[in-house]
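> turn this into a structure:
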Amino acid sequence: MLPFLPIDVADPVERLEAIRQRMTGHKARGEAQAENSLLALAGRFPFAPIAWSLRLLARFPQRTVAALVTNVPGPRDRLTVRGRTVTELLPATPIAMRLRTAIAVLSYAGQLTFGITGDFDTTPDIAVLAEGIEREIRRLRQRAEIRRPSRPEVSGP
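Residues are numbered from 1 along each chain as shown. I've put the predicted structure just below:
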């Protein structure tokens with residue numbers, strides 16, 4: 001069972017608090033742990049029966065799952081590769097079966113990056129989704145009176 005997003009809450013700070021409460025309730029009821037237990041159990045069975053089961057489950061309508069959003073905590077400190085600073089990490093989430101839109105939120109060195117993956121045939125307006133995310137984060141920042149920190153300078157040849 002996935003928690004529903006409170007899209008009916010107009011104020012961005014109140015909406016964020018409602019999401020936090022719903023996710024806390026979801027975790028407290030043990031639903032997330034049950035999902036993890038099911039995945040762990042699947043790792044103990046032969047591949048073929050698991051694959052058949054997943055194919056069977058994929059045939060059931062998933063009308064309530066329109067998109068998936070996941071957050072991935074990344075490194076807090078800047079990384080370097082061969083003496084050069086990594087300026088940005090880009091998240092990518094695969095789509096499959098009836099899940100045709102996925103959003104990954106990755107933190108890295110105090111910044112968040114959103115990666116949106118979508119199937120053009122079923123979601124041709126991904127740009128509208130990206131613009132909506134940008135607009136709502138801007139509203140949240142304004143409402144919470146948070147100023148955007150300047151990006152650190154990156155050195156290198």
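> R22 belongs to a helix?
Yes: under DSSP: H, G, I helix; E, B strand; the rest coil, R22 sits within a helix.
> wait, it sits on F4?
Yes: counting by CB atoms under 8 Å, R22 touches F4, with 7.4 Å between them. For every residue, glycine as well, the C-beta is placed using N, CA and C.
> overlap in contacts, those two.
Counting by CB atoms under 8 Å, 6 or more residues apart in numbering, R22 and F4 have no shared contacts at all.
> compare those two (neighbour count), which wins?
R22 (15 against 10; other CB atoms under 10 Å).
> let me know the pLDDT of that one.
On pLDDT, R22 comes in at 84.
> repeat for T93
Per-residue confidence (pLDDT) for T93: 84.
> got it, and the one 3 residues further on?
As summarised for this prediction, A96 has a pLDDT of 76.
> same deal with L106?
Note on L106: pLDDT of 91.
> wouldn't it be in contact with P91 here?
Yes: using CB under 8 Å, L106 is in contact with P91, at 3.9 Å.
> so what sits against both of these two?
V72, T113, G115.
> alright, calling it a day.
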